[in-house]
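Asks: Next input, structure requested:
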Amino acid sequence: MSKELFNNTEVAFQLKSDSELERAYFLFKMISHEPLVRIGTAATNFALKAHLPIEGLIRSTVFDHFCGGINEEDCLPVIDKMYEKGVSTVLDFSVEGKEEEAFFDAAMEKTLKLIKFADEKESMPIVVFKPTGFGRFYLYQKIGEKKSLTSTERQEWDRVVARYHKVCKFAKERDVEVLIDAEESWMQDAADSLIEELMKVYNVDKPIVYNTLQTYRWDRLNYLKELHNRAKTDHFKIGVKLVRGAYMEKERERAEKNGYKSPICETKEITDKNFNDTMQYALENIEDISVFIGTHNEYSCYLAMDLLDKFNIAKNDNRVWFGQLYGMSDHISFNLAAQGYNVAKYVPFGPVKDVMPYLIRRAEENTSVAGQTSRELDLLKKERQRRKLQ
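Replies: Residues are numbered from 1 along each chain as shown. The predicted structure follows:
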């Protein structure tokens, strides 16, 4: 595969008007300055807490670049426009940090609504939710640490499990795949066990339920191999979403503070190798494992394309999807889609105020991932130049 594919900015930014291109350039320019991100984050948090009228400003800048809208209907123009260019949508209700039962029930209802929505739209084959959207972090942690639950907590956990089953059962009826996100390692064991139980029930014929493996954890390839052995014994299919990971600083700090070995790979190079090896293992075992390749890394995408060729897997085989976040790496998403691969953008949505933690994390992540922001800026600059010369 030619390693020039992702340099085609005309295809990458075909949906961006000149003014949207300028806004993207301005945003990534701002994000490239770490002090600005820190000041902007603090100022935004303060303004929102003080109920200052800044939602309009946020909406017209960072929100509209990284989010599809405030509700699913609001996202329809974005969904339809991308699908015309062969890019599907995974709508991601990005409200975080709530701990009440009423919120968990509302998140479940929202996910059921998204499944129905997805069932009616060819452009939305997949839905997603976070474990802590359906239950308290503390419960997952306590179960993962093999501590016994009080009778009240046991009832609470039964409600969590029931929410998962309700969503996965409905998804299976509607033939919509469900990606379940990964979170911090100290709550993930409980989520992994629960998701495996769901796979046994709903992934008999083909994967409906997908677990997420954060491959910056050095143990995830082994985990997948062990899961694969159990899947062969118990006759179920595996669905995995592969990502590098999102909680690195937090993971390392906690490991150091509590005196255990960090679950995170020591270097970026080791993480990259772990991601690529895990991806290769999944593709080698495509009869048993379907994979959603969530990456903004060009090399990993080129490698995946080469592996599909090597293992004679069709570009549009539904068992292999590529995914990137909305507002980022359009040069990967739209160029892959133009070549006929299955591509989906993760499109976050929700009320502006509630989505701010997500947006702040995106800004901080772009600041800390060396090379990512400068790559976006270079491509945007190249496309601005190309349009000027037309």
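
Asks: what residue is smack in the middle of the protein?
Replies: A centroid search over the chain (CA atoms, centre = their mean) returns residue 346, at 6.0 Å, as the residue closest to the centre.

Asks: and it, what does it touch?
Replies: The neighbourhood of residue 346, defined by CB atoms under 8 Å, 6 or more residues apart in numbering, consists of 90, 92, 128, 294, 323-326. From N, CA and C alone the C-beta is placed, and that goes for glycine too.

Asks: swap the cut-off to 6 Å and go again
Replies: Contact criterion CB atoms under 6 Å, 6 or more residues apart in numbering gives 90, 92, 325 as the residues in contact with residue 346.

Asks: who touches the helix or strand residue 253 falls within?
Replies: Take DSSP states H and E as the rule and residue 253 turns out to sit in helix 248-258. Outside of helix 248-258, the residues within contact range by CB under 6 Å, 6+ apart are 262-264.

Asks: Tell me the buried residues in the helix or strand that comes right after that helix?
Replies: Read in the C-terminal direction, the helix or strand following helix 248-258 is helix 268-284, with elements assigned using DSSP H and E. If you call a residue buried by 16 or more other CB atoms under 10 Å, then helix 268-284 has these buried ones: 271-272, 274-276, 278-283.

Asks: Give the other helices and strands that helix 268-284 contacts.
Replies: Using 3 or more CB pairs under 6 Å, 6 or more residues apart in numbering; DSSP states H and E as the contact criterion, the neighbours of helix 268-284 among helices and strands are helix 298-310.

Asks: Can you point out the buried residues in the helix it packs on?
Replies: Counting neighbours by 16+ other CB under 10 Å, one finds that the buried residues in helix 298-310 are 298, 300-305, 307-308.

Asks: repeat for stretch 104-111
Replies: Taking 16+ other CB under 10 Å as the basis for neighbour counts, the residues of stretch 104-111 that come out buried are 104, 107-108, 110-111.

Asks: list the helices and strands the helix or strand residue 193 falls within packs on?
Replies: Taking DSSP H and E as the definition, one finds residue 193 inside helix 185-202. Applying 3+ CB pairs under 6 Å, 6+ apart, we find helix 185-202 packed against helix 137-144, helix 151-174, strand 209-214.

Asks: What are the phi and psi values at the nearest residue to residue 166 once chain neighbours are set aside?
Replies: The spatial neighbour of residue 166 that comes closest, neighbours along the chain excluded (CB to CB, 6 or more residues apart in numbering), is residue 108 at 6.5 Å. Note on residue 108: backbone dihedrals following degrees, to the nearest 10 are phi -60, psi -50.

Asks: Hmm, residue 162 and residue 108 touching each other?
Replies: No. Because the distance of 9.0 Å does not satisfy CB atoms under 6 Å, residue 108 is recorded as not touching residue 162.

Asks: returning to what we had before: which among the contacts of residue 346 end up buried?
Replies: In the contacts of residue 346, burial by neighbour count holds for 90, 92, 325, counting by 16+ other CB under 10 Å.

Asks: Between these, which sits nearest residue 351?
Replies: Taking CB to CB as the measure, residue 351 sits nearest to residue 92 out of the buried ones among the contacts of residue 346, at 14.0 Å.

Asks: got the contact list for the closest one?
Replies: By CB under 6 Å, 6+ apart, the contact list for residue 92 reads 128, 346, 348.

Asks: ok so, going back, now the helices and strands packed on helix 185-202 as JSON lines including mean pLDDT, distance to residue 245 and mean neighbour count?
Replies: Shown next, in JSON lines, are these (pLDDT from 0 to 100; distance: least, CB to CB, whole Å; neighbours: other CB atoms under 10 Å):
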{"stretch": "helix 137-144", "mean pLDDT": "97", "distance to residue 245": "17", "mean neighbour count": "18"}
{"stretch": "helix 151-174", "mean pLDDT": "98", "distance to residue 245": "22", "mean neighbour count": "16"}
{"stretch": "strand 209-214", "mean pLDDT": "98", "distance to residue 245": "4", "mean neighbour count": "26"}
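
Asks: Chain neighbours aside, what residue packs nearest to residue 75?
Replies: residue 68 is the one closest to residue 75 (CB to CB, 6+ apart), at 3.5 Å.

Asks: gap between the one you found and residue 89?
Replies: Going from residue 68 to residue 89 by CB to CB, to the nearest Å gives 8 Å.

Asks: list residues touching both of the two?
Replies: residue 347.

Asks: Of these two, which one has the most company?
Replies: With neighbours defined as other CB atoms under 10 Å, residue 68 and residue 89 compare such that residue 68 has more, 27 against 24.

Asks: Outside of the worst-scoring helix or strand of the chain on mean pLDDT itself, list whatever touches it.
Replies: In the chain, no helix or strand scores lower on mean pLDDT, DSSP states H and E than helix 352-368, which sits at a mean of 77. Where contact means CB under 6 Å, 6+ apart, the residues beyond helix 352-368 that reach it are 31, 34, 37, 41, 48, 55, 58-59, 62-63, 66-67, 94-96, 348, 372-373.

Asks: try stretch 128-143
Replies: Among residues not part of stretch 128-143, those counted as contacts by CB under 6 Å, 6+ apart are 90, 92, 99, 104, 107, 111, 157, 160, 163, 179, 181, 183, 186-187, 190-191.
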